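Peer 1: build me a structure from this.
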Amino acid sequence: MELDDEDKMDLAMPMPMDRPDFPCGLRITLTDKELAKLDLDHKDAVVGGTIHLFAMARITSVSENEVNGGDKCCRIELQIEDLGIESEDAENQT
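Peer 2: Presented below is the predicted three-dimensional model:
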């Protein structure tokens, strides 16, 4: 899912800055409420750590559009409905 160098250059950015390695729409945010549902303690999270996600998502939208030059682009939107997480770092230490 990582963006290649050409995709990074094509991103519309308001001012010069570091370009992201991944599309922003792939980022998932978990708040206290979601962490509680997953029985996770935020104190166990370490920036740069790795977790393994198990997710079930429902397809909420499928579209295909023609853009300038006759090229077609497609888009599929997903709503994550079920999510599970386990620590890859803890697993790798055993």
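
Peer 1: would you quantify the distance from the most centrally placed residue in the chain to Leu78?
Peer 2: The centre of the chain sits closest to Leu26, judged by C-alpha atoms, centre = their mean, with a distance of 2.3 Å. Distance check for Leu26 against Leu78: by C-beta to C-beta, to the nearest Å, it reads 11 Å. The C-beta positions use only the backbone N, C-alpha and C, and glycine is treated the same way.

Peer 1: next: Met56.
Peer 2: In this structure, Met56 and Leu78 are separated by 10 Å, where distance is defined by C-beta to C-beta.

Peer 1: mind checking pLDDT for the closest residue to Ile80 other than its chain neighbours?
Peer 2: In space, and not counting its chain neighbours, Ile80 is closest to Ala57: 4.8 Å by C-beta to C-beta, 6 or more residues apart in numbering. The score at Ala57 is 93. That number is its pLDDT.
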